[in-house]
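Colleague: predicted coordinates and the sequence they were generated for:
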Amino acid sequence: MAFKDPLLNALSNLCKRRGFVLPTSQGYGGLEGRYEYGPLGSLLKRNIAKEWWTATVTEKEDVFGMDSSIVQHPRAWQVSGHAAVFGDKVTKDLLTGETFKVSAAQKVSDLKSSLVIKAPSKSAVAHWRKKIQNEMAPDVKMYTQGLSITLTVTSVNDTHIVFDGRTGPVHVAHHGVLSPESNSPFLQEPRLHGGLVYSGAVGPAEMAESFVQVVEDNKGASRETLKKLFEQKYLEQSRPLRPELSQSAFQQFWMLYNGVDKTFPMSVAQIGKAFRNESSCGPFIYRLMEFEQMECYHFLAPKNSEIFALDLSIDRLSWWRSLARHRENFKSVELAEDDRAHYASASIDIEYEFPWGSEEVESIANRTDYDLSAHADATGVPVKHNDGTSTYTPHCVEASAGLDRAMMAYLCDAYQTRSVESPTTNTVKPFLNLDKRIAPIKVAVFPIVHNKPELVQIARLLAKEFRAAGLYTSYNEVHSIGKRYVDHDEMGTPYCITIDDDTVEKGTVTVRSRNTRIQEPMLVTDVVGALIT
């Protein structure tokens, strides 16, 4: 896991070393867009999900939970529009051959007086200059310095960039964006990368038999014809893996409504896995092919949906900031119509300022009655609510947050370094300044040495008390006390408790704070109650 950004590289190394995040099937070369969470990562993930559930469901009135199936009927995804339009616009850099998402690229409109194309090597500089001169922008003036090729920009309009040429202006058609890798404007026409919806075969033996039958029924057919017939048969027997969690809530609206004693307005929340056949993954665990979502669907009267969505975005931004050290790195952004999903009349994203730029971690979308009406039309089961004065199809305002993205954001937010002195050296070590509510290990308990049975016994009993109080607690008697402190700083543990001779003689323990590194004595009888609050 090597990344260009130094912070991201250091963070990913810490995550692997400490068992937060592990590449899937690493021994077999790994799998793109898939990671697994080790002991600390799974605890961090669960703690974030717990805080989300508490704020979204437990502390709210008329918000209920559900747990829907990963596999839905294929027709549901056709009706919802995901099968037809659920995809990313992608384009290809004609210099590097890289394919990337249009939404992730720098806008051409941001160009100033020059365009600097960045090459990975001197041989690439020579090759690209020749390619630009012969194929892409003949007569354009180019200036080379190191691994950069600079073109002078004289103007930019909606369709073309005008560069300075040797004999006059050189007009180059653009597609609104520049390559994020090379900064090149020489791109293919953007296209929709379909197939974001993953499919899995149901009954592999039956599918194999059906393919054999296709061949037998179409002897002498061309390769192209057989390919189309195979694709059709695959679609008939495959079952999509959900790209989002919400469709089950729309299909089950009446069951949910009746199950909560006809409460309205009604909100339903769930946490679960989703799958997308992404055109590009990363960085790290930000964009994955298999990921976890935290979603809440608010069903309400159409007249209230617009203001509710705005209020909800404020509430959600406040939640994200409440667990962060650098609150200013979270912000809300209202999306333009072209950037919204096909089902949304309005969308507000919560974004975090990652090392590589500002990216979405949660989206609040006003889905209007798009989904409920679509499924009602397809199934013949109307979805109408009568509030005593009028009858209408409820609108849905959805808040959809990425749990893996939340982990990524809070790990970036928490990562810090500081000097650690020893009798012989002074080194810089990382530590995770995580909010104690989401820290994987809440407290670590150590006997100062492992060869004094009375200290070990007290330490183990105290650790047991912390666990009984509901705090995930680590016990460790290996290595020097200084190394144990540094290790738990990297793990994000807020407090370390040391049992020493004063515990036996005076009944006190030493409480060491991760953030300040200050060590203070406290009565052993008081320490559990003090750290719970």
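Modeller: It's in.

Colleague: hmm, who's touching the helix or strand containing Ala249?
Modeller: Using DSSP states H and E, Ala249 sits in helix 247-251. Helix 247-251 is contacted from outside by 66, 68-69, 72, 76-77, 80, 82, 242, 256, 268, 270, 297, 371-372, 375, 396, using Cβ atoms under 8 Å, 6 or more residues apart in numbering. To be clear about C-beta, it is placed using only N, CA and C from the backbone, and glycine gets the same treatment.

Colleague: list the buried ones in whichever helix or strand comes after it?
Modeller: Using DSSP H and E, the next helix or strand after helix 247-251 towards the C-terminus is helix 253-259. Neighbour counts over helix 253-259 (16 or more other Cβ atoms under 10 Å) mark 253, 256-257 as buried.

Colleague: against Glu398, how distant is Gln293?
Modeller: Between Gln293 and Glu398 the distance is 11 Å, computed by Cβ to Cβ, to the nearest Å.

Colleague: neighbour count winner among these two?
Modeller: Glu398 (24 against 21; other Cβ atoms under 10 Å).

Colleague: I'd like to know which elements whatever helix or strand the more buried one lives in is packed against.
Modeller: Assigned by DSSP H and E, Glu398 belongs to strand 395-402. Judged by 3 or more Cβ pairs under 8 Å, 6 or more residues apart in numbering; DSSP states H and E, strand 395-402 is in contact with strand 290-300, helix 302-322, strand 357-368.

Colleague: direction included, what does it pair up with?
Modeller: The pairing partners recorded for strand 395-402 under DSSP bridges are strand 290-300 (antiparallel), strand 357-368 (antiparallel).

Colleague: let me see the mean pLDDT of that strand.
Modeller: For strand 395-402, mean pLDDT rounds to 97.

Colleague: mind listing what's buried along the helix or strand Leu151 falls within?
Modeller: Applying DSSP H and E as the criterion places Leu151 in strand 148-156. Going by neighbour count (16+ other Cβ under 10 Å), the buried part of strand 148-156 is 149, 151-153, 156.

Colleague: next: stretch 445-455.
Modeller: For stretch 445-455, the neighbour count (16+ other Cβ under 10 Å) marks 445-448, 452, 455 as buried.

Colleague: will you turn those residues into TSV that also has secondary structure?
Modeller: Below are the buried residues of stretch 445-455 laid out as TSV (DSSP: H, G, I helix; E, B strand; the rest coil):
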residue	secondary structure
Val445	strand
Phe446	strand
Pro447	strand
Ile448	coil
Lys452	coil
Leu455	helix
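
Colleague: nearest to Asp5 among those residues?
Modeller: Phe446 (35.1 Å; Cβ to Cβ).

Colleague: who are the contact partners of the closest one?
Modeller: 459, 475-477, 481, 484, 496-499.

Colleague: pLDDT score assigned to it?
Modeller: If you check Phe446, the pLDDT there is 96.

Colleague: kindly state the beta-bridge partners for it.
Modeller: Beta-bridge partners recorded for Phe446 (DSSP bridges): Thr498.

Colleague: got the buried residues for whichever strand or helix holds Glu465?
Modeller: Applying DSSP H and E as the criterion places Glu465 in helix 453-468. Residues 455-456, 458-459, 462-463, 465-466 are the ones in helix 453-468 that count as buried (16+ other Cβ under 10 Å).

Colleague: which other residues reach that helix?
Modeller: Here helix 453-468 makes contact (Cβ under 8 Å, 6+ apart) with 442-443, 445-450, 473-475, 477, 497, 499-501, 503-504, 509, 524, 527-528, 531.

Colleague: list the contacts for Gly470?
Modeller: Ile532.

Colleague: now Ser513, nearest residue through space, not along the chain?
Modeller: Leaving aside its chain neighbours, Ser513 sits nearest to Tyr495 (6.4 Å; criterion: Cβ to Cβ, 6 or more residues apart in numbering).

Colleague: pLDDT wise, what is Leu192 at?
Modeller: Reported pLDDT at Leu192 in the predicted model: 55.

Colleague: what number of residues lie near Asn218?
Modeller: Count around Asn218 with other Cβ under 10 Å applied: 12.

Colleague: and the strands in the stretch 51-200 of the chain?
Modeller: For the stretch 51-200 of the chain, the strands defined by DSSP state E, counting those that start in this stretch occupy 63-65, 88-92, 99-101, 106-107, 114-118, 143-145, 148-156, 160-163, 170-173, 177-178, 191-193, 198-201.

Colleague: ok so, going back, wait, which of the buried residues of strand 148-156 is closest to Ser332?
Modeller: Val156 (29.2 Å).

Colleague: could you measure from that closest one over to Pro180?
Modeller: 18 Å.

Colleague: likewise for His385?
Modeller: 46 Å.

Colleague: can you check Ala401 too?
Modeller: 25 Å.

Colleague: same check on Arg327?
Modeller: Taking Cβ to Cβ as the measure, Arg327 falls 28 Å from Pro180.

Colleague: in terms of neighbours, single out the busier of those two.
Modeller: The neighbour comparison of Arg327 against Pro180 (other Cβ under 10 Å) goes to Pro180, with 17 against 14.

Colleague: any idea of the pLDDT on that one?
Modeller: Listed pLDDT for Pro180 reads 83.

Colleague: let's have the chain start at 501 instead
Modeller: I'll keep to 501 as the first residue from here, and by that count the last item is Pro680.

Colleague: could I get the contacting residues of the closest residue in space to it that isn't next to it in sequence?
Modeller: Nearest-residue entry for Pro680: Ala605, 5.2 Å, with adjacent residues in sequence omitted and distances by Cβ to Cβ, 6+ apart. If a contact means Cβ under 8 Å, 6+ apart, then Ala605 has 591, 677-680 as its contacts.

Colleague: what's the closest non-adjacent residue to Asn547?
Modeller: Leaving out its chain neighbours, the residue that sits closest to Asn547 by Cβ to Cβ, 6+ apart is Ile938, at 4.2 Å.

Colleague: which of the three states applies to that neighbour?
Modeller: With three-state DSSP as the basis, Ile938 sits in coil.

Colleague: which residues does it contact?
Modeller: Contact partners of Ile938, counting by Cβ under 8 Å, 6+ apart, are 544, 547-548, 551, 823, 910.

Colleague: distance to Glu851 and pLDDT for the buried residues of helix 953-968 - can I get that in a markdown table?
Modeller: Shown next, in a markdown table, are these (distance: Cβ to Cβ, whole Å; pLDDT from 0 to 100):
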| residue | distance to Glu851 | pLDDT |
| --- | --- | --- |
| Leu955 | 49 | 97 |
| Val956 | 49 | 97 |
| Ile958 | 48 | 97 |
| Ala959 | 44 | 97 |
| Leu962 | 43 | 97 |
| Ala963 | 40 | 97 |
| Glu965 | 42 | 96 |
| Phe966 | 37 | 97 |
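
Colleague: Arg666: which of those residues is nearest?
Modeller: Among the buried residues of helix 953-968, Phe966 lies closest to Arg666 (Cβ to Cβ), at 74.9 Å.

Colleague: dig out what the closest residue to that closest one other than its chain neighbours forms beta bridges with.
Modeller: Spatial nearest neighbour of Phe966, excluding adjacent residues (Cβ to Cβ, 6+ apart): Thr973 at 4.1 Å. Beta-bridge partners of Thr973, counted by DSSP bridges, are Val943.

Colleague: which SSE is Asn509 in?
Modeller: Asn509 is located in helix 506-517, with elements delineated by DSSP H and E.

Colleague: who does the next helix or strand after that helix pair up with?
Modeller: Of the helices and strands lying after helix 506-517 in sequence (DSSP H and E), the nearest is strand 521-523. Sheet pairing for strand 521-523, assigned by DSSP bridges, gives strand 535-537 (antiparallel).

Colleague: give me the buried positions along the strand it pairs with.
Modeller: Buried residues in strand 535-537 (16+ other Cβ under 10 Å): 535, 537.

Colleague: what residues does that strand touch?
Modeller: So strand 535-537 is contacted by 520-524, 544-545, 784-785, 788 (Cβ under 8 Å, 6+ apart).
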